[in-house]
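>>> Can you look at this prediction? I've put the sequence above it.
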Amino acid sequence: MAVSRLRLAGVVRSFGATRALRGVDFELAPGEVHALIGENGAGKSTLIKIVGGILRADAGVVELDGKPYRPANPLSARRRGIAVIHQELSLAPDLSVEENVLLGREPRRFGFVATGQRRRQARQALAQLGREAMDLRRPVRELGLAEQQMVEIARALVDRPRALLMDEPTSSLTRLDTQRLFEAISRLKQAGVSVIYVSHFLEECRQVADRYTVLRDGRSVATGEMSRVTFGELVRAMAGEDSGEFRRRTERPPGDVVFELDRICGKTLPREVSLSLRRGEILGIAGLVGAGRTETLRVCFGLDALRGGRLRVKGRWDRGRSPRGRLRQGVGYVSESRKEEGLLLERSVADNLTLTRLEPCSRWGFIDRSAQNRAASRWIDELSVSAAGPRQSVRELSGGNQQKIAIGRLLHHDADILLLDEPTRGIDVGSRFRIYRLIHELAEQGRAVLLASSYLPELLGICDRIAVMRRGELVADRPVACWNESRLLAAAAGEGNETHES
Amino acid sequence: MKAERRWRSWRPAAGPLFGLAAVLALFAVDPELRAIFFSGSNAKLVLTQTVIVAVGALGMTLVIVSGGIDLSAGSVVALTGVVAASLLVAAVPPVLVVILTLAAGALIGFVNGSIIAWGRMIPFIVTLGMMGVARGLAKWLGNNQTVNPADNSLNLLMEPRQPLQFFPLPPGVWLAAGLAAAMAVVMSRTIFGRQVFAIGSNEEAARLCGIPVRRRKIAIYALAGLFFGMSGLLQYSRLTQGDPTVAFGLELEIIAAVVIGGASLNGGSGSIVGSVIGALIMAVLKSGSGQLNWPTYMQEIVIGAVIVLAVGLDRLREWRTGR
Amino acid sequence: MKAERRWRSWRPAAGPLFGLAAVLALFAVDPELRAIFFSGSNAKLVLTQTVIVAVGALGMTLVIVSGGIDLSAGSVVALTGVVAASLLVAAVPPVLVVILTLAAGALIGFVNGSIIAWGRMIPFIVTLGMMGVARGLAKWLGNNQTVNPADNSLNLLMEPRQPLQFFPLPPGVWLAAGLAAAMAVVMSRTIFGRQVFAIGSNEEAARLCGIPVRRRKIAIYALAGLFFGMSGLLQYSRLTQGDPTVAFGLELEIIAAVVIGGASLNGGSGSIVGSVIGALIMAVLKSGSGQLNWPTYMQEIVIGAVIVLAVGLDRLREWRTGR
Amino acid sequence: GAPVDEAAEGEPAALRIAVIPKGTTHEFWRSVEAGARKAEQESGGRIRVFWKGPLREDDRDQQIQVVEQFMAQRVAGIVLAPLDSQALVRPVATARKAGIPTVIIDSGLQSDQLVSFVATDNFKGGEMAGTYLAELMGGKGQAILLRYAVGSASTEQREAGFLNALQAWPEIRLISSDQYAGPTRETAYQASQNLLHRFGREVEGIFCVNENSTIGMTKALREIGRAAGQVKLVGFDAGSQSIKDLKNGDVQGLIVQDPLRMGYEGVKTLVRYLDGGVVDERIDTGVTLVTESNLEDPDVRPLLYPPLERYLP
Ligand SMILES: Nc1ncnc2c1ncn2[C@@H]1O[C@H](COP(=O)(O)OP(=O)(O)OP(=O)(O)O)[C@@H](O)[C@H]1O
Ligand SMILES: Nc1ncnc2c1ncn2[C@@H]1O[C@H](COP(=O)(O)OP(=O)(O)OP(=O)(O)O)[C@@H](O)[C@H]1O
Ligand SMILES: [Mg+2]
Ligand SMILES: [Mg+2]
């Protein structure tokens, strides 16, 4: 066998008392796609960061093409042919798309940016992802999450790397974009590029990867050919036990209507959305990127202005409330971008979990810290968050665990009507099932759930009804039994031969 | 685990304390100075010089933790000092003078906060504007002159009485200590305090969590203005006159105290204890270098360098213990 | 599409231009004032008064766009002014004086940048410290006095010559215009300029993309220092003396100009054209309200209020056009 | 309103005179203004006085801007109290080029473009203070000089005069002469407190060169219980507070100028020059030593209590 492109042996890395990697062995052959899987907090991102020159290993060996490799910083890793797509987006929001794609790689002429060349290169990279029509001058700040993700991926492609490390590149992509990414990956593979692929979507991993390595608690516990392993075996290797299947319970008696939208419009999106939600019901919203699912939920929660139409919460019509007002009415919301607007990264886990409802943990406006800790610990257990304790700062948690905190806050708030935007983004399989079960329990208690997701199995798995959004309008709203993946895709894209437009 | 927990709650003040110790050590080297500097009477002097900055720093901490900044602090101190003096000249009873002066400070803060919250403007610009407006108002109110009321009980607030011994301390020092203790509890133990941290840490998230961000911001700036008003009262008492040109540049000193005290100008972190120690560091530095009889320029150079060093050492220490 | 694109490249300067128009309109209301204010000789006066702030604003824009701040600007202007004067007193030839003075400014900036980059300290504190240090150095260098060299060619930089007509403008105005044009190109067209934006927009991302953030930061502060040195030279020429106490608080004025010019103190946005217009707004305001013969306190109040209004109107306009 | 002539047809245009002080918030400058207004009132409408100081006090550049602004308004002449003997030279020269003459008051200017210099002899004032303080101290002991600020010609001359006078008293030792009181009463008070904490026990005589530092020092002396003559204190200028301090014995002597006359003579001289008359190059407005004993003398009283209300709005 030829020399490995990348080899790690006995790699160890700690953060203070947290031991993120306790001895990882890993091998990446030239031209292979290697899936790296594991639960939240298993150490996947840490490993990627070590190879990418962002973190240094405390101990262990890393070799690139048989030679010792200890990158001092991201730049030297990049020079050695390593490109990284980070789990948390690393874009400069004020710069344009093309500037972001070629950031740090600008084609130059006498110290000046060669603008034409830059535009050509950026367009080329985006074309590989089916985004040749993207407005290259637009500041990245104005893009939706999925499009930002595409920019981040395009940046890695521009590099013409020898090894490409992808940390959950598809966590906010739709099926279509994911397919385009896979096509790009297989082209790279043919060109001899090695790829490390991190994802919590095991089906994706099975589709795209040649081999896999499973991390558990900072150790590599299993590795092998992807074609020779079953779904169940992977899950067991990750969790160390059988986490059990999630099965949809049958038929809850639908209650009365608690949440109703009457032709609501936002500033640009949504255009006109009407729907109604009953107690005990889980309603999914599917759609392509830019269909306006996020905007719909934001308008409902009062984060964006309501420009037309009206809303009814528990029998009361209104024309928009503040988020505070909604929370008072028992409406809760989980944002799709946890970092920008979901979490207080500097604050503790306990503060984040209890912020919307501090009253039970306080008396006369004074906070009872032990009560706060108790409340937090409950959700840490229930959602199996891997954290050092309720007082750890959220910044120090792994991406998936941060997402769990965002969901935990909603549970602590005890909301009756839950608006969830991509709630399981970046959450591992086992925990995802646990969250599905929780959502179901909530529904059984008579709460109503509105769930926007790009992950179709999730929608088909847990919803009672699914509605599809297209260009700001709600185009179909049917019981789950009437849907399957291809029908959903067809409805989202617009029935006939219409394809995705961006 | 226990130890770590204790460390964590103590941590915010550790850096500034370290800085204070370093500055004190600086003045303990010279044996001649040591005898003069580490005396009860000097401690009293330093404390008295600290309070105006320290009380201002209480309000500024609130603002900075919430992710804002208030450049109008110095001007508001001058303005409220003139307000107090003018009211005293008009023979308003002292208790009412105190109330009205604090109200004037809070009103300015309220205006700042309202413009920031409702106009969605950045605090730097709004308070920079207010800096000019308040200074102008002070001059207008004082008719471009200092305002000198007759002897009255407010003059006693900062009166050192027995200058050669530590006790009795002027009432202003006790007042400042009490206010600091109260604010420390408010910041760390109340819901309002948590909300201030939340807004500073991530304003979007705070809004999403149902915190009435606008109303809180207004409250924050108004409360800060109230503290600056209190500073103004103490400044009046120190000079026994309302001087519209006093406290020029004081805002930077107050901000420096807060930042030396461990707050981040990005918001979301900071502590009252730290800020008070920061104010003490500044006062000790000024007083000590004045007594060393260095020329003024040496004082400025040393104070500047020590500000950087104090924060820098803290960074280094933090880095060592490996965050 | 075309139109939109043109709007986009023009946009950053639109807000400040709007503010400038509003301020000018303010002084055009009174017909008597209009005659005086909109005359060639007054325009020359305003331009001359603008340049020191404007040149400083070029450097400050760089710093602010990169997400930093430089509070030492005013002190560095004073220091480099004294450096220039001292060198002239020592009969150094003017060309060498210019080079050495700029080098002194750049050196201070280099020290700022190095501490910020290598010590990972926040710019606010480092430059606040440097503000004291540079001011102290200026006083030390000038031996606590103003430094008065004999007549020399550098004095002509800011000489108004024909006070009653617009042309000829003092060379300093042309110099500032040239520097501004050069910096505008650097900021928008060069790799270095775009890297500055990237660092200010998301430092972490810039680092991950292989931009040598530390080295760039040092370069940014050093370059800014160079501009402040140039301001110092112009300040010297205006006073024809090196004055260690000059330009006190100038940093706030410069920062205000940059922010009025559309830069965000969070970094990542700002433009040279905007900043220059911001400096013009400040100068027009000062000059105009001075000519209205209001009492000084009214001037302070009005300038403060207009700073807020200028930025506020811009916000409102932006909000209307629906961003 | 704007300062343009209300020159209706026939009526002769009023002479517009700009008076530019160093600052606007001291009682001293109010007296100067009163003097200028007095000249205005006496002229019966023939002259109009515009009073404006720098926005930020003690800022040379700001004062230059004020001069330039008046120049742009084409006033007939300027009466200026320069913040600096050098920095204001060019603006005055430029004004002259534009046909606007300048009379300098209070503090000197190293220029040959002036019409006249109307001021106190500050060096003499400093000497008087030195001699008087030395006599009070009985010709021996330890003394302190608290300076004002860098580059201010008038106070520097007082300081120089003081030091010159002390030359004649070899047994008087100066234990501190390099601390600056700074621009405000607060800065002066703090500097005094720190100074006295170090030297408070040994010092026997102090000279403060302006009003704020005198007041700050007196307050600090009272605090450590060495006021009321234990430490001899001589100050400069008289405001309501320092007069009170003089009366109750905490201050032993004040060197007092005649600011009202300064403002008056400044304007008068300028007008005489504009009318084509002959003017003196130097006009001394006099200094007076005020002690507890001559406080009520008829020629001293108006210096301490100038009739401001009569002239100021
Ligand atoms: N900066 C940090 N400080 C402290 N602990 C950290 C830090 N970064 C990561 N950790 C810890 O290291 C462990 C591994 O984190 P890592 O981000 O590698 O997990 P992951 O496998 O990528 O998880 P996810 O699937 O949720 O992204 C976690 O327990 C996390 O809390
Ligand atoms: N801040 C913004 N400014 C301008 N345009 C935006 C902004 N955020 C999103 N958009 C655009 O609005 C459209 C709708 O995006 P949105 O994220 O709401 O869609 P979605 O249906 O929720 O899809 P997904 O959540 O999968 O990205 C997209 O075209 C996006 O580029
Ligand atoms: Mg991860
Ligand atoms: Mg979305």
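That came through, no problem. None of these values were measured; they are calculated from a predicted model. Ligands and ions are numbered 1, 2, ... in the order given.
>>> Report the closest residue of the stretch 201-313 of chain D relative to ligand 4.
Per CB to the ion, the residue of the stretch 201-313 of chain D with the smallest distance to ligand 4 is residue D:212, at 64.6 Å. C-beta coordinates here come from the backbone N, C-alpha and C atoms, glycine included.
>>> how many neighbours does that residue have?
The number of residues packed around residue D:212, counting by other CB atoms under 10 Å in any protein chain shown, is 28.
>>> Residue A:487 now?
Residue neighbour count, defined by other CB under 10 Å, stands at 14 for residue A:487.
>>> What average pLDDT does the helix or strand containing it get?
Secondary structure from DSSP states H and E places residue A:487 in helix A:485-493. When the per-residue pLDDT values of helix A:485-493 are averaged, the result is 85.
>>> do the same with stretch B:280-299
Confidence over stretch B:280-299, taken as the mean pLDDT, stands at 80.
>>> swap in stretch A:39-54?
92.
>>> Can that stretch be said to contact chain B?
No - contact between stretch A:39-54 and chain B is absent, the nearest approach being 16.0 Å (criterion: CB under 8 Å from any CB of the partner chain).
>>> secondary structure element for the residue nearest to residue B:149 when sequence neighbours are not counted?
Setting aside the residues directly before and after it, residue B:149 is nearest to residue B:88 in space (CB to CB, 6 or more residues apart in numbering or on different chains), at 3.6 Å. Secondary structure assignment for residue B:88, by DSSP H and E: helix B:73-89.
>>> Please see if the helix or strand just after that helix touches chain C.
Past helix B:73-89, heading to the C-terminal end, the next element that is a helix or strand (DSSP H and E) is helix B:94-118. Yes - Helix B:94-118 reaches chain C (CB under 8 Å from any CB) through residue B:115.
>>> Buried residues of helix B:94-118, list them for me.
Taking 16 or more other CB atoms under 10 Å in any protein chain shown as the basis for neighbour counts, the residues of helix B:94-118 that come out buried are B:94, B:97-98, B:100-117.
>>> Packing partners of whichever helix or strand comes after it?
Going down the chain from helix B:94-118, the next helix or strand is helix B:123-141, by DSSP H and E. Contact partners of helix B:123-141 among helices and strands, from 3 or more CB pairs under 8 Å, 6 or more residues apart in numbering or on different chains; DSSP states H and E: helix B:73-89, helix B:94-118, helix C:250-260, helix C:296-320.
>>> what helices or strands is the first one leaning on?
Which is helix B:73-89. helix B:40-65, helix B:94-118, helix B:123-141, helix B:213-239, helix B:250-260.
>>> Contacts for the helix or strand just after the third one next, please.
Pointing back at helix B:123-141 there. Per DSSP H and E, helix B:123-141 leads on to helix B:171-189 as the next helix or strand towards the C-terminus. Helix B:171-189 is contacted by residues A:366-367, B:47-48, B:50-51, B:54-55, B:58, B:61-62, B:65, B:156-158, B:192-193, B:196-197, B:227, B:230, B:234, B:237, B:271-273, B:276 when judged by CB atoms under 8 Å, 6 or more residues apart in numbering or on different chains.
>>> wait, what's in contact with residue D:308?
Applying CB under 8 Å, 6+ apart, the residues near residue D:308 are D:30, D:31, D:34.
>>> Please repeat the previous calculation with a cut-off of 6 Å.
Residue D:308 makes contacts with residue D:34, as judged by CB atoms under 6 Å, 6 or more residues apart in numbering or on different chains.
>>> Would you format the helices and strands packed on helix B:123-141 as TSV with distance to residue A:33 included?
As requested, the helices and strands packed on helix B:123-141 are exported to TSV (distance: least, CB to CB, whole Å):
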stretch	distance to residue A:33
helix B:73-89	59
helix B:94-118	51
helix C:250-260	49
helix C:296-320	46
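>>> so what's the residue minimising distance to the centre of chain B up against?
When chain B is reduced to its mean C-alpha position, the nearest residue by CA atoms, centre = their mean turns out to be residue B:57, at 2.2 Å. Neighbour list for residue B:57: B:254, B:257, B:258, B:275, B:279 [criterion: CB under 6 Å, 6+ apart].
>>> I'd say the first one and residue B:73 touch.
Yes - Residue B:254 sits in contact with residue B:73 when judged by CB atoms under 6 Å, with a separation of 5.4 Å.
>>> which residues do those two both contact?
residue B:56.
>>> how many neighbours does the residue nearest to residue B:149 have?
Applying other CB under 10 Å, we find 26 residues neighbouring residue B:88.
>>> where along the stretch 401-502 of chain A do the strands fall?
A:417-421, A:448-452, A:465-470, A:473-479 (DSSP state E, counting those that start in this stretch).
>>> What strands line up against the helix or strand harbouring residue D:179, and which way round?
Under the criterion of DSSP H and E, residue D:179 resides in strand D:172-180. Strand D:172-180 sits in its sheet next to strand D:141-147 (parallel), going by DSSP bridges.
>>> Send me the partner strand as CSV with only the CA atoms.
Provided in CSV are the C-alpha atoms of strand D:141-147 (Å, rounded to 0.1, in the frame of the first residue of the first chain):
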residue,chain,number,x,y,z
GLY,D,141,13.0,78.9,55.6
GLN,D,142,11.6,76.6,53.0
ALA,D,143,9.4,77.7,50.2
ILE,D,144,7.3,76.2,47.4
LEU,D,145,6.4,77.6,44.0
LEU,D,146,3.3,76.1,42.4
ARG,D,147,3.4,76.8,38.7
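>>> Can you list the buried residues in that strand?
Buried positions in strand D:141-147, judged by neighbour count with 16+ other CB under 10 Å: D:141, D:142, D:143, D:144, D:145, D:146, D:147.
>>> Run the angle between it and helix B:296-320 for me.
Angle of strand D:141-147 versus helix B:296-320, following axes from the mean of the first three to the mean of the last three CA atoms, to 10 degrees, is 70 degrees.
>>> Domain ranges for chain A, per the record?
Using automatic domain parsing, the domain ranges for chain A come out as A:6-239, A:249-330+A:416-433+A:445-502, A:339-415.
>>> could these go into TSV alongside distance to chain C?
Listed next are the domains of chain A as TSV, based on distance: least, CB to the nearest CB, whole Å:
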stretch	distance to chain C
domain A:6-239	3
domain A:249-330+A:416-433+A:445-502	7
domain A:339-415	11
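>>> Any regions of the stretch 201-313 of chain D where pLDDT drops low?
Across the stretch 201-313 of chain D, no stretch falls below the confidence threshold (pLDDT under 70).
>>> what number of residues lie near the residue lying closest to residue B:148 once chain neighbours are set aside?
When the adjacent residues along the chain are set aside, residue B:148 lies closest to residue B:241, with 4.8 Å between them (CB to CB, 6+ apart). The local packing count at residue B:241 equals 25, with neighbours defined by other CB under 10 Å.
>>> One more: residue A:29?
Per other CB under 10 Å, the neighbour tally for residue A:29 reads 17.
>>> What separation do you get for it and ligand 2?
Distance, residue A:29 to ligand 2, by CB to the nearest ligand atom, to the nearest Å: 34 Å.
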